[in-house]
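Colleague: quick one, what's the 3D model for this:
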Amino acid sequence: MDSLGSIPSALAHLQHGKLTPFVDPLPLPTVLQPVKKVEGKPFYRVPMTQFQQQLHRNLPPTTVWGYHGSYPGPTIEAHTNKPIFVEWINNLPTEHLLPIDHTLSGAGTNVPDVRTVVHLHDARVTPENDGLPLDWFPPGHSKTDFYPNIQPATTLWYHDHAMGITRLNVYAGLAGFYLLRDELEDRLHLPRRPFEIPIALQDRSFNSNGQLFYPNKGVTAKHPVWVPEFFGDVAVVNGKVMPFLEVEPRKYRFRFLNGCNARFLRLALSSGQPFYQIGSDGGFLPESVALQQILMGPAERADVIIDFSDHKGKMITLTNDAPAPYPTGGQFVIPKFMQFRVTKPLSSPDTSSVPKRIKGLSLFAGVPVVKVRNLTLNEVLDKNGNPIELLLDGLPFNAPVTEKPKLGTAEIWSLINLTGDTHPIHLHLEQVQILDRQPFDVAAYQSTGKLIFTGPAVPRDANEAGLKDVVKAMPGEVTRLKVRFNTFTGRYVWHCHILEHEDNEMMRPYEVIR
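Modeller: Sure, this is the predicted structure:
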């Protein structure tokens, strides 16, 4: 599926080339402070509101939604095994900022147009604290979640997860960083604040009046508003269009997040220098990996070090050449995201380092696999070849639960991608270990239900060697994951993190049982 149906609606609103790049400084998210302690634990209060924020010096203020009065929201910092409470407060207006498709599951006229629920992405929490899509609450209400932080240091993020409108709520601005630290991180000689910076990479489009544009016309009669994927034409980084960051000639640590609705990013530096990736979604890699390019699907994170020591006085652009849709599109590439200016004097000696070995690769050693599941990624087309909906294992969200792993066991999930898209598949609660990917005959599978492989299994990439919570499932391939269910029991979800797909059935519940 190329999902090009979303493109004609956007053509009249393109701003690419009209906004001068690298004229606004990169905003740095503030670090949120607790307002009190409850049961001896820090308690944070985070309202969601509508406000205006200037996203580029040549744009009028844009109406956005955000947490705690900012887009993206403030960064929450926590430490392993030190729990916190967060009260999420919906102070948004009752009318949505963007066009709603009431034909989507869970988004009918029988529920409020504005509803929110916050998912702390990759957190190990009980179901009632997970921000599940049906646990939404309307304006004037709030929900307090308990985060035990029982996992190693990593880059998490929080974002909206309301059924049927996640794509709209996140696009409006409801996302922010959550950085979890631990003793291992404390022992590493990594760059620290102010030389550690979270970077949220997103794409947006604007109307001529500077307001957010999102299509209000779909491609199929069944869903008159929904588009299969949305690609903005302008890069937005930490809530600013194509900003610049002045840096010193030293090492910096950047927490990259692909916060786009549907766009994959293949990042590089115009200077030709490498990224040193030290971590991904699930935390630190076993060892650092030097990469000329980093491919990130929506919701993936890359914890990287960039060394500017030998680039004093240089202007270095963070570029992207990933086609959209990925991997076979190409009409909507955003080539430039931001600029690094190595123009600040060295404020102190740089004693940080790029670690070689970071942690042992024990992962799920010694946990026996009790079940192998073959799970398909599907698309349903109308008579004109336009996508109507996306499915996991051929089932809609509301079908009975079919995946019921037992607590304390491990399973292999084989994701059989029958579509033309790469899907970033996200599993709530537990992290996964990517095993390999293998091409297969799609037509043969569709006609016979049998897997006929057309080539050897390809091992995971070097920067996928650690634990993951988002996995790129490539078209025409079986992606094999090992999953250990070792935390909590209860019902969770797994889904595609292309938000337009997630909102139209590409999400399924699963239940961990005893």
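
Colleague: sec struct for N374, please.
Modeller: strand (DSSP: H, G, I helix; E, B strand; the rest coil).

Colleague: wouldn't it be in contact with E411 here?
Modeller: No: under the criterion of Cβ atoms under 8 Å, N374 is not in contact with E411, lying 11.4 Å apart. From N, CA and C alone the C-beta is placed, and that goes for glycine too.

Colleague: if I pick V478, what's in contact with it?
Modeller: 414-417, 437-438, 440, 451, 453 (Cβ atoms under 8 Å, 6 or more residues apart in numbering).

Colleague: repeat the analysis, applying 6 Å as the threshold.
Modeller: By Cβ atoms under 6 Å, 6 or more residues apart in numbering, V478 lies in contact with 414, 416, 438, 440.

Colleague: okay, N374 and E411: which has more neighbours?
Modeller: E411 (19 against 14; other Cβ atoms under 10 Å).

Colleague: hang on, the earlier thing: reformat the contacts of V478 as CSV; add distance to H428 and secondary structure.
Modeller: Formatted as CSV, these follow (distance: Cβ to Cβ, whole Å; DSSP: H, G, I helix; E, B strand; the rest coil):
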residue, distance to H428, secondary structure
S414, 19, strand
I416, 21, strand
Q438, 26, strand
F440, 27, strand
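
Colleague: ok, so of the residues you listed, who is nearest F213?
Modeller: I416 (35.7 Å; Cβ to Cβ).

Colleague: quick check: V432 touching V483?
Modeller: Yes: V432 is within contact range of V483, at 4.9 Å (criterion: Cβ atoms under 6 Å).

Colleague: those two - which one has more neighbours?
Modeller: In this view V432 and V483 are compared by other Cβ under 10 Å, and V432 has more residues nearby, 27 against 24.

Colleague: next up, the contacts around that one.
Modeller: Counting by Cβ under 6 Å, 6+ apart, V432 has contacts 468, 481, 483.

Colleague: could you pull up the contacting residues of the first one?
Modeller: In other words, K468. 281-282, 432.

Colleague: worst-scoring helix or strand of this protein, pLDDT-wise?
Modeller: Here the helix or strand of the chain ranked lowest by mean pLDDT, DSSP states H and E is helix 7-11, holding a mean of 38.

Colleague: could I get the average pLDDT for the following helix or strand past it?
Modeller: Tracing the chain past helix 7-11, the next element assigned as helix or strand by DSSP states H and E is strand 36-38. Averaging pLDDT along strand 36-38 gives 97.

Colleague: adjacent strands (with direction) for strand 36-38?
Modeller: Counting by DSSP bridges, the strands paired with strand 36-38 are strand 41-53 (antiparallel).

Colleague: who touches the partner strand?
Modeller: 32, 34-36, 61, 63-65, 67-68, 71, 83-93, 116.

Colleague: now, of those residues, which are buried?
Modeller: Buried by 16 or more other Cβ atoms under 10 Å: 32, 64-65, 67-68, 71, 84-86, 88-90, 92, 116, out of the contacts of strand 41-53.

Colleague: for the residue nearest to N374 when sequence neighbours are not counted, give me its contacts.
Modeller: Using Cβ to Cβ, 6 or more residues apart in numbering and skipping residues adjacent in sequence, the residue nearest N374 is S414, 4.9 Å away. Contacts here follow Cβ under 6 Å, 6+ apart; on that basis S414 touches 374, 478, 480.

Colleague: per-residue confidence at S414?
Modeller: pLDDT, S414: 98.

Colleague: what residues go with each domain of this protein?
Modeller: What the record gives for the chain is the domain set 4-182, 196-341, 369-512, from automatic domain parsing.

Colleague: ranking these by burial, who's on top?
Modeller: The highest mean neighbour count among these, using mean count of other Cβ atoms under 10 Å, belongs to domain 196-341: a mean of 21.

Colleague: looking only at pLDDT, what's the mean for that domain?
Modeller: Rounded mean pLDDT across domain 196-341 is 96.

Colleague: secondary structure class of I76, three-state.
Modeller: Applying three-state DSSP: I76 is strand.

Colleague: for it, what are its contacts?
Modeller: Per Cβ under 6 Å, 6+ apart, neighbours of I76: 32, 178.

Colleague: cool, K312 as well?
Modeller: 249, 342.

Colleague: go again with 10 Å.
Modeller: By Cβ atoms under 10 Å, 6 or more residues apart in numbering, K312 lies in contact with 248-250, 342-346.

Colleague: wait, a strand at it?
Modeller: No: read with three-state DSSP, K312 is coil and lies in no strand.

Colleague: for E185, helix, strand, or coil?
Modeller: helix.

Colleague: what's the separation between the residue nearest to F275 when sequence neighbours are not counted and S288?
Modeller: Spatial nearest neighbour of F275, excluding adjacent residues (Cβ to Cβ, 6+ apart): V304 at 4.4 Å. From V304 over to S288 the distance is 9 Å, taken as Cβ to Cβ, to the nearest Å.

Colleague: what do you get for T49?
Modeller: Per Cβ to Cβ, T49 is found 40 Å from S288.

Colleague: about what we covered before: shared neighbours of V304 and S288, which are they?
Modeller: Joint contacts of V304 and S288 (Cβ under 10 Å, 6+ apart) are 275-279, 354, 463.

Colleague: so of the residues you listed, which ones are in strands?
Modeller: 275-279 (DSSP state E).

Colleague: which stretches of this structure form helices?
Modeller: For the chain, the helices defined by DSSP state H cover 7-11, 166-172, 183-187, 442-448, 499-502.

Colleague: buried stuff in the third one?
Modeller: Yep, that's helix 183-187 we're talking about. Going by 16+ other Cβ under 10 Å, helix 183-187 has these buried residues: E185.

Colleague: off-centre distance for it?
Modeller: 25 Å (Cα atoms, centre = their mean, to the nearest Å).

Colleague: V31 contacts P74, correct?
Modeller: Yes: using Cβ atoms under 10 Å, V31 makes contact with P74 at a distance of 6.6 Å.

Colleague: and for these two, which residues touch both?
Modeller: Common neighbours of V31 and P74 (Cβ under 10 Å, 6+ apart) are F177.

Colleague: same list (the contacts of S414) but as CSV, adding distance to T402.
Modeller: Putting these into CSV (distance: Cβ to Cβ, whole Å) gives the following:
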residue, distance to T402
N374, 12
V478, 19
R480, 19
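
Colleague: can you lay out those as JSON lines showing pLDDT and distance to G106?
Modeller: Listed next are these as JSON lines, based on pLDDT from 0 to 100; distance: Cβ to Cβ, whole Å:
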{"residue": "N374", "pLDDT": "98", "distance to G106": "27"}
{"residue": "V478", "pLDDT": "98", "distance to G106": "30"}
{"residue": "R480", "pLDDT": "98", "distance to G106": "31"}
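
Colleague: between these, which is closest to D233?
Modeller: V478 (34.2 Å).

Colleague: quick one: the closest one from Q431, how far?
Modeller: 20 Å.

Colleague: kindly report the same for N378.
Modeller: Applying Cβ to Cβ to N378 and Q431 gives a distance of 25 Å.

Colleague: beta-bridge partners for the nearest residue to L269 once chain neighbours are set aside, please?
Modeller: Spatially, and ignoring its direct neighbours in sequence, L269 is nearest to I316 (5.5 Å; Cβ to Cβ, 6+ apart). Beta-bridge pairing of I316 under DSSP bridges involves F340.
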